[in-house]
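Novice: Sequence and computational prediction follow.
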Amino acid sequence: MEIRSTSDEDLEVFVDTVHAAFGHFPETPVDGGGLWWSALEIDRCLLALAADGRAVGTAAAHSFELTLPGEALVPVSGVTAVGVLPSHRRRGMLSAMMRHQLAGLRARGEFLSVLLASEATIYGRFGYGPATSTAELRVPRHRAALARPRARRTADAPADGSIEVLRRDGCGEILEEVYDRYRRTQPGALSRPHRWWDLRAGQPPISPAPRYIAVHRDADGLPDGYASYSIDSGTLTVDETIATDDAVFTALARYALGHDLVSRVVFKHVPPEHPLRRQLADLRAGEVSGVMDWLWVRLLDVPGALTARGWFTDGELVLDVEDPFLGEHARYLLTVRDGKADCVPTDREPGLSLDIRDLGSVYLGGTAPSTLVRAGHIQAHQPDAVTLADALFRAERSPHCLHWF
Ligand SMILES: CC(=O)SCCNC(=O)CCNC(=O)[C@H](O)C(C)(C)COP(=O)(O)OP(=O)(O)OC[C@H]1O[C@@H](n2cnc3c(N)ncnc32)[C@H](O)[C@@H]1OP(=O)(O)O
């Protein structure tokens, strides 16, 4: 087997191979664009070739920016389009491509790689851990009243602005600008490169699917949030609600929940613990369903990754980190002072011993280390190390990612 990078002339075979691996036929181009694969960076794609030279496996990487806790923006590779033809599976092709790709990412100086997994059983062995979750919140309209806010200044204070209804086709620049502002302060969010909006490559509201967009504007008329939605058989489905603050989210949710000729509102891609459920007068009216892992994170350089994010509690913790796939094992002293971390090799006794995939899961603050201790995946050598790790790794708010790639 050979693994090689691709160039422009390989695009067709790459796209054909990945579609055959997933068992789909390539979509028909819409106005020359709008296809997921049009956003591929061809020099970042890999083909695995069988002994006879035929392409049998694929993997690709997008160049994104990821927002870490503390509003740190770092480059990451978004691994995607991973596939092996059904005729060539379980012979180690994926493992070989992962090894090749991770080495390449390190050679680029990247310390993090991320992906969305088609199946949750595939990527742990390669050192990826599930770091964010997503869910749908379903609200029947007859139980959609919002409670009166109990705090004086709250997210439910009416946002001082207005909502305008536009069609997707007329407002691409607004969506791009608002999304970009939102993602810079949301831990776990990925950038959406301009090319994606230009090519309409992705899922709604990036893709060409027809959508209405409720655009929220502040008191000065500047867009600061949007909800992209469609209505079918009495269900209003919101693809994504992007808001630069909580009051704007509430205003957009109030708009969706107040829509006439609708019996149910489904908010897709919300964090499972979204405050909107708490804003409903009837706590049981908001049904959280379809909870699933979304962004998987892989650390490629532990000190690089740990010193890049922001921290909110001071402390000192020794982490003993095993990376079975890359055959690495090291012990680090993590020292956090005034929001910044120092991370150096040490031979001190560890507080926690953990697999690199579990470090990926706790890295963005979306999974408490104590949960993985209780699950039997992280070993705690001192009881207070767990309490300290929980305090150290938390983020300013739950990490969340809703970009599909
Ligand atoms: C980020 C993304 O793009 S997600 C998309 C992933 N792709 C798909 O789901 C498309 C359909 N599936 C496929 O193309 C293939 O089955 C792949 C890519 C998932 C696996 O490719 P293979 O070449 O068969 O994997 P490979 O032989 O290297 O297997 C490596 C290990 O993973 C395991 N494994 C592979 N696929 C799966 C799976 N779907 N579920 C559970 N375990 C799996 C193998 O059993 C093997 O385990 P071992 O190391 O304990 O022996």
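Specialist: Arrived safely. Numbering: from 1, shown residues only.
Novice: all contacts plus neighbour counts: C-alpha atoms, from now on.
Specialist: OK.
Novice: How many residues are close by the residue nearest to G258 when sequence neighbours are not counted?
Specialist: In space, and not counting its chain neighbours, G258 is closest to R141: 7.6 Å by Cα to Cα, 6 or more residues apart in numbering. The number of residues packed near R141 is 20, by other Cα atoms under 10 Å.
Novice: Next one: R141 relative to D260, how far apart?
Specialist: Taking Cα to Cα, to the nearest Å as the measure, R141 falls 9 Å from D260.
Novice: returning to that earlier point: hmm, V262 and the residue nearest to G258 touching each other?
Specialist: Yes - R141 lies in contact with V262 (Cα atoms under 8 Å); the separation is 7.1 Å.
Novice: Where do the helices of the stretch 201-350 of the chain begin and end?
Specialist: In chain order, the stretch 201-350 of the chain shows helices spanning 246-257, 276-279, 302-308, with DSSP state H, counting those that start in this stretch as the criterion.
Novice: Just name the most buried of those helices.
Specialist: Compared across those, helix 246-257 shows the largest average neighbour count, a mean of 21 (mean count of other Cα atoms under 10 Å).
Novice: What helices and strands are in contact with that one?
Specialist: Contact analysis of helix 246-257 by 3 or more Cα pairs under 8 Å, 6 or more residues apart in numbering; DSSP states H and E lists strand 212-217, strand 223-232, strand 235-243 as its packing neighbours.
Novice: Repeat the analysis, applying 10 Å as the threshold.
Specialist: Packing contacts for helix 246-257, counted by 3 or more Cα pairs under 10 Å, 6 or more residues apart in numbering; DSSP states H and E, involve strand 162-167, strand 212-217, strand 223-232, strand 235-243, strand 264-270, helix 276-279.
Novice: relative to strand 212-217, how tilted is the third one?
Specialist: So the one you mean is strand 223-232. With axes from the mean of the first three to the mean of the last three Cα atoms, to 10 degrees defining the directions, strand 223-232 sits at 160 degrees from strand 212-217.
Novice: biggest helix in this protein by residues?
Specialist: When the chain is parsed with DSSP state H, its longest helix is helix 93-107.
Novice: Next, the buried residues of it.
Specialist: In terms of neighbour count (16 or more other Cα atoms under 10 Å), helix 93-107 has its buried residues at 93-94, 97-98, 101-102, 105.
Novice: just checking: which of the residues you listed also lie near the ligand?
Specialist: Near the ligand, taking Cα under 6 Å from any ligand atom as the test, the members of the buried residues of helix 93-107 found are 93-94.
Novice: pLDDT below threshold where in the stretch 101-250 of the chain?
Specialist: Along the stretch 101-250 of the chain, the parts satisfying pLDDT under 70 run over 153-159.
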